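K.L.:
Prediction below, plus the sequence it came from.
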Amino acid sequence: MPYSHIGVRDSIAQHSLAKALAALNEEFKLPDGFAPDILAEVDRVIAGHELPTPDLTALPFITIDPPTSQDLDQAMFLERSGDGYVVHYAIADVPAFVPAGGPLDAETRRRGQTIYTPGQRIPLHPLPLSEGAASLFANDPRSAYVWEIHLDAAGVQTTAKVRRATVQSIAKLGYEEAQRMYDAGSAPAAYAGTLALLAEIGTKRIELERARGGASLNVPAQEVEFVDGRYVLEFRPGLPIEDWNAQISLLTGMAAAQVMIEGKVGILRTMPAPDEEAIAAYRLQTVALGKPWGTDMAYGAYLRTLDTADPKHLALMHAATTLFRGASYTPFNGSVPEQVMQAAVAAPYAHTTAPLRRLVDRFVLSICASLCAGEEVPEWAIAALEELPEIMAESNQLANKVDRAAIDTVEAALLSHDVGGEFDAVVLAGPKKNGHNSRAAAARSSIQITTPAVTGYCEGDLEPGTVVRVRLAEVDIAKRTVRFVQAGQPVS
């Protein structure tokens, strides 16, 4: 999928768009700021915060994130150990800044996670914490939970532990910047080794993912950004370094799950394997689109053979979302639950690497550190286990709705002056009705336009994986609607 990036063109459309986006906060009842007692508590906690021991500031940690990010959850330092590796992965010490039972604790449980809208974010924690005292900024000593994960020569985990410590990142890198440095061999000596080992370890972990039957769904991201005073929408294909970076996070989540399973207390991110009906239906689609999925290949390995620059492959990548359903959180205390697997990871897995932006990670970190130290798990963490699944389910649902509404709004604004215009589009999926494929004349097919970066629906029965010419029939920014018809067809 080629990179596509386009902005809203005139001030009238920009005004309509800004108004529609601002209305999202009220429509979805998003919180506005933090109450004075919460901010006062944050100020007190930050003022009284003491850095923990041991002091690991001599280790040259770096962060790799989207370039505008200020809530930096993770920092890494990678090194060789004999013919294997050691992954040092520092995670922001959010538990130290959120007193159990206090007003901030209650508010974070109400929010669940950070919600992102174009040009703003509704943070899980107040900015003095999430983009200040707890964020792993470069050149500032920070309290962190530091995972130390040993790998053998093949990248297989041999041991893992986590403890609180003081760290200091030496560089804040964006994904594209880090990729350029790695490709050109131009990274400063202080962290060139970490970038080189990130590629080496990440590649080996991808191979291990294939071997165990795991799957990564690398659909090009459709993202809304606010750049130079205007909203833009883009399809951004993932860089190799993002894939490698994601493997370090997956490794840490798997290590956390293992620690909690051995300790018989915690909360896992679980997902059932795809059912036979879904697999059979997807296999038929792969045959129809000329890229058969053989029975001797795991679905994760198959997905990595797809090239999203190919329209048929792109349609298959989108169709594969039917195999990634049913994710939930599974708490346990005293005995290990029957279902511990996350099918897409193909291993037990837990969320532990994003505590600034996701509530559940704070509890996982505290539980894992206590278990690794041979200490009692804090009662406040155990007491929250049963309520966390519902909190996270509701906040995930809200985040997805807000994200989709924001993208739909920006898409409408982008196309507001193109009614009657024609575009080339890839058909992602045929028409559906009541959850099943339908050949009804009024049905709509899902399509994707490359430029501008728009996904939407076109009236009619279109063949997935084909490139078709469509005409924009109607746009309404306030209602977030965009309607296409096939070129040459009358507008109803």
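P.N.:
The structure has been received and is ready for your questions.
K.L.:
Assign a three-state SS to residue 146, would you?
P.N.:
Assigned state for residue 146: strand (three-state reduction, DSSP: H, G, I helix; E, B strand; the rest coil).
K.L.:
residues contacting it?
P.N.:
With contact set as Cβ atoms under 8 Å, 6 or more residues apart in numbering, residue 146 has these partners: 56, 88, 89, 90, 91, 162, 163, 164, 165, 167. C-beta: built from backbone N, CA, C; applies to glycine.
K.L.:
what bridges to residue 75?
P.N.:
residue 90 (DSSP bridges).
K.L.:
begin at 17 from here
P.N.:
Okay, using 17 as the starting number, the last item reads as residue 91.
K.L.:
I'd guessed it sits against residue 77; true?
P.N.:
Yes - contact criterion Cβ atoms under 8 Å: residue 91 and residue 77 qualify, at 3.9 Å.
K.L.:
Just confirm residue 221 is within a strand.
P.N.:
No - the assignment for residue 221, made by three-state DSSP, is helix rather than a strand.
K.L.:
Quick check: which element contains the nearest residue to it once chain neighbours are set aside?
P.N.:
Leaving aside its chain neighbours, residue 221 sits nearest to residue 263 (3.9 Å; criterion: Cβ to Cβ, 6 or more residues apart in numbering). For residue 263, the host element (DSSP states H and E) is helix 256-279.
K.L.:
for that helix, which positions count as buried?
P.N.:
256-277, 279 (16 or more other Cβ atoms under 10 Å).
K.L.:
do stretch 404-413 as well
P.N.:
Those would be 404, 405, 407, 408, 411, 412, for stretch 404-413 by 16+ other Cβ under 10 Å.
K.L.:
ditto for stretch 109-126
P.N.:
For stretch 109-126, by 16+ other Cβ under 10 Å, it's 109, 110, 111, 112, 113, 114, 118, 119, 120, 121, 123, 124.
K.L.:
Relative to the whole chain's centre, how far out is stretch 410-418?
P.N.:
13 Å (Cα atoms, centre = their mean, to the nearest Å).
K.L.:
Quick check: end-to-end length of stretch 471-479?
P.N.:
16 Å (Cα to Cα, to the nearest Å).
K.L.:
Quick check: mean pLDDT of it?
P.N.:
Computed over stretch 471-479, the mean pLDDT rounds to 89.
K.L.:
Might you list the low-confidence residue ranges for the stretch 217-366 of the chain?
P.N.:
235-252 (pLDDT under 70).
K.L.:
which residues of it fall in helices?
P.N.:
256-279, 292-304, 315-319, 327-335 (DSSP state H, counting those that start in this stretch).
K.L.:
And for the stretch 67-216 of the chain?
P.N.:
Counting by DSSP H, counting those that start in this stretch, the helices of the stretch 67-216 of the chain are 119-127, 143-144, 191-200, 205-228.
K.L.:
Is it possible to get JSON lines of those that adds distance to residue 285?
P.N.:
As requested, the helices of the stretch 67-216 of the chain are exported to JSON lines (distance: least, Cβ to Cβ, whole Å):
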{"stretch": "helix 119-127", "distance to residue 285": "18"}
{"stretch": "helix 143-144", "distance to residue 285": "27"}
{"stretch": "helix 191-200", "distance to residue 285": "24"}
{"stretch": "helix 205-228", "distance to residue 285": "16"}
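K.L.:
Which of these sits closest to residue 383?
P.N.:
The closest of the helices of the stretch 67-216 of the chain to residue 383 is helix 119-127. By Cβ to Cβ, the value is 15.8 Å.
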